[in-house]
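# With the input below, show me the fold.
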Amino acid sequence: MRMVRQWLRGPMGALLYKELLEAWRDKRALLTAVTFALLFPAMITGATVFMFKVKSENESRLALIGAERLPLLAQQLAGEQLLVDVLEAGEPAELLAGEYDLVLQVGEDFASEYRQFGVPRLYVYMDGASKDAGRARRQLQERLAPLQQQVVQQRLVARGVAPQLLAPWRMEMRDISTPSDRGKMILASVPALLIMTLFVASLATAVDASAGERERLSLEPLLLQPLPPWQVVLAKTLAVASLGWLAGLLSVSALTALMPLMPMAELGMQQATSLSGVLAMGLLLLPLALLVAVVQLLLALGSKSFKDAQMRLSILQVAPLFLLMALDMSQVQLDRPAWQLLPLVGQQQWLKALLVGDSVSLFAVLAGSVVTLALVAAFILIGARALRRESLLGAT
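Alright, predicted model coming up:
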């Protein structure tokens, strides 16, 4: 600790102060980082609230005329998301123009046709130009199908035919997922977006600290100072990573603060992320923020111009999102220990577990973080070698 204090009081401390000052006084880079850090938590919250609001408001209203001819019909149709009103009479066109999505009318000769084993008719009136009519029709068909099957079986039995002869098997779909499981699917995309925040927030600062300084001719005087090149790369990495990491921490905090607005009860979940969870996720993102920063610096230093560096890093910032999405859609078991040693993948799995309140292996976290920091050190040494090349300063 004493060595670190002496180290920071020397030229390295002055260099680190200079890099942090330049990184944090760039208002455009700071605005981009803060905007994206707050944007996607707000979008996820809004999308979740809107989805459940639309689902709760997707109730269809059905007017049933002639229900006395088929007493069981109203009872069979009534249920969730389909409200049935039994009417003695009414004009279908007027009812559809009002508050009803469908009108179901039982034919006048329904009872006599049914007793004679005929095919009585049910008349369904709908407005094809209405966007709610299609949904109401599907709900009606789903409710009528079991009743129709029951009538068919009764007629077969009445004629001495076993219903099993016409139905060799019966397939029943049983969804064993819980509302909590479906809620976890909604939060599954959050870790990838949190990781993407690191790339977006530090992009402008990484370009300005490398290709920008080279074009402004301020990189050469810096390299003439009595400092090892690796310290220059390290100072720039810390400055760039500070912006990305704090943006990631801001995203986690914003998401946690907005969670009470989400319909967590409908998801079968409780708010699992607390202040300690926010701090834990922030610590998990720190090694990755350093890795993202040093990779962006190296790519920008190897570019031909400032615009070329921007283009390279713009492509880089979406690559992790597509990679993590592809791994999620594959059948690979990412929770195995070997996968958690990989940067990006390990952080994604840990963040996903913390968001839903699951536990993570401390050993896996420490091992994965060590691997990430080892890569950071390796890239810093690679950047130090690049700074020794005279051709770097002459790149155009």
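# Now do residue 365, the pLDDT please.
Among the per-residue scores, residue 365 holds a pLDDT of 88.
# same question, residue 167
Residue 167 is given a pLDDT of 64.
# next one: residue 289
Looking at residue 289, the pLDDT reads 92.
# Need the nearest residue in space to it, chain neighbours excluded.
Among residues not flanking residue 289 along the chain, residue 245 sits closest, at 3.8 Å (CB to CB, 6 or more residues apart in numbering). For the C-beta atoms, the positions are set from N, CA and C on the backbone; glycine is no exception.
# show me what contacts the one you found?
Applying CB atoms under 8 Å, 6 or more residues apart in numbering, we find residue 245 in contact with 198, 282, 285, 286, 289.
# what separates residue 343 from residue 236, distance-wise?
Look at residue 343 and residue 236: by CB to CB, to the nearest Å, they are 20 Å apart.
# Who has more neighbours out of the two?
Neighbour totals were compared for residue 343 and residue 236, and residue 236 leads with 27 against 21 (other CB atoms under 10 Å).
# just checking, that one touches residue 209?
Yes: the pair residue 236 / residue 209 is scored as a contact, 4.9 Å apart, by CB atoms under 8 Å.
# shared neighbours, the two?
Counting by CB under 8 Å, 6+ apart, the residues touching both residue 236 and residue 209 are 19, 297.
# If you count neighbours, what's buried in stretch 118-134?
Of all the residues in stretch 118-134, those buried under the rule 16 or more other CB atoms under 10 Å are 120, 124, 125, 126, 127, 132, 133.
# How about residue 121: what's its closest non-neighbour residue?
Computed as CB to CB, 6+ apart, the closest residue to residue 121 that is not its neighbour in sequence is residue 107, at 4.4 Å.
# Let me know how buried that neighbour is, in neighbour terms.
Here the number of neighbours of residue 107 (other CB under 10 Å) works out to 16.
# That one and residue 115, how far apart?
Separation of residue 107 from residue 115 (CB to CB) stands at 13 Å.
# Can you name the residues in contact with stretch 62-70?
Applying CB under 8 Å, 6+ apart, the contact partners of stretch 62-70 are 73-74, 77, 82-90, 92, 95, 100-108, 110-111, 136, 140.
# residues making contact with stretch 249-258?
Under CB under 8 Å, 6+ apart, the answer for stretch 249-258 is 34, 37-38, 40-42, 44-45, 190, 193-194, 197, 271, 273-274, 277-278, 281-282, 285.
# how about residue 210, what does it touch?
Residue 210 makes contact with 219, 236, 297, 300, 301, 309 under the criterion CB under 8 Å, 6+ apart.
# before we move on, back to that, could you dump the contacts of residue 245 to JSON lines with secondary structure and distance to residue 231?
Shown next, in JSON lines, are the contacts of residue 245 (DSSP: H, G, I helix; E, B strand; the rest coil; distance: CB to CB, whole Å):
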{"residue": "198", "secondary structure": "helix", "distance to residue 231": "23"}
{"residue": "282", "secondary structure": "helix", "distance to residue 231": "26"}
{"residue": "285", "secondary structure": "helix", "distance to residue 231": "24"}
{"residue": "286", "secondary structure": "helix", "distance to residue 231": "20"}
{"residue": "289", "secondary structure": "helix", "distance to residue 231": "19"}
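# Closest one of those to residue 351?
Nearest to residue 351 among the contacts of residue 245 is residue 285, at 7.9 Å by CB to CB.
# Hmm, residue 247 and the closest one touching each other?
No: under the criterion of CB under 8 Å, residue 285 makes no contact with residue 247, lying 9.6 Å away.
# ok, residue 200 - contacts?
32, 33, 36, 247, 317.
# next one: residue 198
Counting by CB under 8 Å, 6+ apart, residue 198 touches 244, 245, 247, 248, 285, 288, 289, 292.
# What is the neighbour count of residue 385?
Applying other CB under 10 Å, we find 11 residues neighbouring residue 385.
# if I look at the nearest residue to it once chain neighbours are set aside, how far off is residue 72?
Leaving aside its chain neighbours, residue 385 sits nearest to residue 229 (7.6 Å; criterion: CB to CB, 6+ apart). Relative to residue 72, residue 229 is positioned 85 Å away (CB to CB).
# Compare the two and say which one has the larger neighbour count.
Between residue 229 and residue 72, residue 229 has the larger neighbour count (other CB under 10 Å), namely 16 against 11.
# Surely that one touches residue 381?
No: counting by CB under 8 Å, residue 229 stays clear of residue 381, with 9.3 Å between them.
# what about the protein, any weak spots by pLDDT?
1-10, 50-58, 78-80, 131, 159-188, 263-274, 330-335, 357, 390-396 (pLDDT under 70).
# check contacts around the most centrally placed residue in it.
Nearest residue to the geometric centre of the chain (CA atoms, centre = their mean): residue 189, 2.7 Å. Contact partners of residue 189, counting by CB under 8 Å, 6+ apart, are 44, 325.
# taking the contacts of stretch 62-70 one by one, which sit in strands?
Counted as lying in strands by DSSP state E, out of these, are 82, 83, 84, 85, 86, 87, 102, 103, 104, 105, 106.
# Same list, these, but as JSON lines with distance to residue 202 and neighbour count please.
Compiled in JSON lines, the ones in strands among the contacts of stretch 62-70 are given as follows (distance: CB to CB, whole Å; neighbours: other CB atoms under 10 Å):
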{"residue": "82", "distance to residue 202": "52", "neighbour count": "19"}
{"residue": "83", "distance to residue 202": "53", "neighbour count": "16"}
{"residue": "84", "distance to residue 202": "58", "neighbour count": "21"}
{"residue": "85", "distance to residue 202": "59", "neighbour count": "16"}
{"residue": "86", "distance to residue 202": "64", "neighbour count": "14"}
{"residue": "87", "distance to residue 202": "65", "neighbour count": "14"}
{"residue": "102", "distance to residue 202": "55", "neighbour count": "26"}
{"residue": "103", "distance to residue 202": "60", "neighbour count": "23"}
{"residue": "104", "distance to residue 202": "61", "neighbour count": "24"}
{"residue": "105", "distance to residue 202": "66", "neighbour count": "21"}
{"residue": "106", "distance to residue 202": "68", "neighbour count": "19"}
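# so how far is residue 249 from residue 350?
For residue 350 relative to residue 249 (CB to CB), the value is 15 Å.
# for residue 301, same thing?
Using CB to CB, residue 301 is found at 27 Å from residue 249.
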